[in-house]
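Trainee: could you look at this predicted model? Sequence included:
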Number of protein chains: 2
Amino acid sequence: MNGPAQTENHLTRNQSLVLDALSKSGGPLSAYSILDQLRDHGFRAPLQVYRALDKLLEFGMVHRLESLNAFVACRHPSCDDHETIAFTICDRCGQVAEISDDTVAARLQSLATDAGFALKSSTVELRGTCRKCQPSSCKMVQ
Amino acid sequence: MNGPAQTENHLTRNQSLVLDALSKSGGPLSAYSILDQLRDHGFRAPLQVYRALDKLLEFGMVHRLESLNAFVACRHPSCDDHETIAFTICDRCGQVAEISDDTVAARLQSLATDAGFALKSSTVELRGTCRKCQPSSCKMVQ
DNA sequence: TTGCACATGTTATACCATTACACAATGACA
DNA sequence: TGTCATTGTGTAATGGTATAACATGTGCAA
């Protein structure tokens, strides 16, 4: 009844459904939120979501936000570059943006190397308030 | 029976117990591990741990490792500088080290500002293998 | 002494993630 | 064509992390 097993360049049905849910949401979702959204499509258990997420993370099409225990669809046009990515997370509206910066990536790599640490992956998450949620606005330039 | 309410520069009994447990462990502990260690001292519920941790985090005496859902005692001699701190986390032995670097901190601040993002706090966690856990060692320079 | 701020104790619950087992679909290959 | 390894799926049960809600206690100040 379900589609065929996964082949290269193709997502399985469950993976597509999870990715769609994340893409349409436009923001971070918890695994259980995704599950709730996909019950109409036959999802019944958390593991169906987590397994799809594991693959999507592996493909670099989804990112995990450690400080939120949530997931977002990758915003990069083509998810080719799996570099170090930083996220800004707005504490007011929950909006998440991706920042990719070679300077930070290189410096972190350098710091790790200096410490004799073999770096495999980095988590960089910035908490604060996004432009739209700034408390006072319309500041005139003096 | 318990000590007095918290005053400046003093930790309450529960806060001291939690900090001691973290300090003695020398590595990251989950809140529930701390709870188990402190049952002999009268701890019965997770909230007793989480409330103490909240304060210790506020005081900068403890750090939270988002990617581990765990906590560590701050290693800085005096916990005066609450700057951006990066952590290296060894995937093999679990060892955690703190790195403080102005270059990364400044660059992250700059990136946030450029994006109109009011930065409040940063999470930087590096995953990999520590010096002691490197797979092959004693590599000769060619 | 009344009220406030804060720390505490307890129960219950919500939220996040994985283990274990059974089954189905696919592709490689003899 | 049949066998086998691999991978994806479905389900139930469990384990791990964190907070809500409510009651009590203690020190301090008006």
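Mentor: Arrived safely. For clarity, every value in this text was computed on a predicted model and none was experimentally measured.

Trainee: does the strand ranked longest in chain A reach chain B?
Mentor: The residue-count maximum for a strand in chain A (DSSP state E) belongs to strand A:118-129. Yes: with C-beta under 8 Å from any C-beta of the partner chain as the criterion, chain B is reached by strand A:118-129 at A:118-129. Just so you know, the C-beta spots here come from the backbone N, C-alpha and C atoms, and that holds for glycine as well.

Trainee: dump the residues you listed into a markdown table; add neighbour count as well.
Mentor: Converted to a markdown table, these look like this (neighbours: other C-beta atoms under 10 Å in any protein chain shown):
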| residue | neighbour count |
| --- | --- |
| A:118 | 18 |
| A:119 | 19 |
| A:120 | 11 |
| A:121 | 12 |
| A:122 | 20 |
| A:123 | 24 |
| A:124 | 24 |
| A:125 | 21 |
| A:126 | 25 |
| A:127 | 19 |
| A:128 | 19 |
| A:129 | 20 |
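
Trainee: need the residues of chain A near chain B, please.
Mentor: Going by C-beta under 8 Å from any C-beta, the residues of chain A near chain B are A:66-67, A:86, A:88, A:90-91, A:97, A:99, A:101, A:103-104, A:107-108, A:111-112, A:115-131, A:134.

Trainee: flag the shaky bits of chain A, pLDDT-wise.
Mentor: A:1-9, A:77-82, A:136-142 (pLDDT under 70).

Trainee: for it, which segments count as helices?
Mentor: A:13-25, A:31-37, A:46-58, A:102-114 (DSSP state H).

Trainee: tell me which of those helices sits nearest to residue B:54.
Mentor: Residue B:54 lies closest, by C-beta to C-beta, to one member of the helices of chain A: helix A:31-37, at 24.4 Å.

Trainee: ok, residues contacting that closest one?
Mentor: Here helix A:31-37 makes contact (C-beta atoms under 8 Å, 6 or more residues apart in numbering or on different chains) with A:18, A:21-22, A:29, A:43, A:45-46, A:48-50, A:53, A:71.

Trainee: among those, which pair sits farthest apart?
Mentor: Maximum distance among the contacts of helix A:31-37 (C-beta to C-beta): 18.4 Å, for A:22 and A:45.

Trainee: tell me which of those two has more neighbours.
Mentor: For residue A:22 and residue A:45, the more surrounded residue by other C-beta atoms under 10 Å in any protein chain shown is residue A:22, and the numbers stand at 26 against 9.

Trainee: tell me, what residue is most central in chain A?
Mentor: Centroid-nearest residue in chain A: residue A:63, 2.5 Å away (criterion: C-alpha atoms, centre = their mean).

Trainee: that older thread, the contacts of helix A:31-37 also near DNA strand D: which ones?
Mentor: A:43, A:45-46, A:48 (C-beta under 7 Å from any atom of the strand).

Trainee: near DNA strand C, which of these show up?
Mentor: A:45-46.

Trainee: are any of the ones next to DNA strand D among the contacts of helix A:31-37 buried, and which?
Mentor: Among these, those classed as buried by 16 or more other C-beta atoms under 10 Å in any protein chain shown are A:43, A:48.
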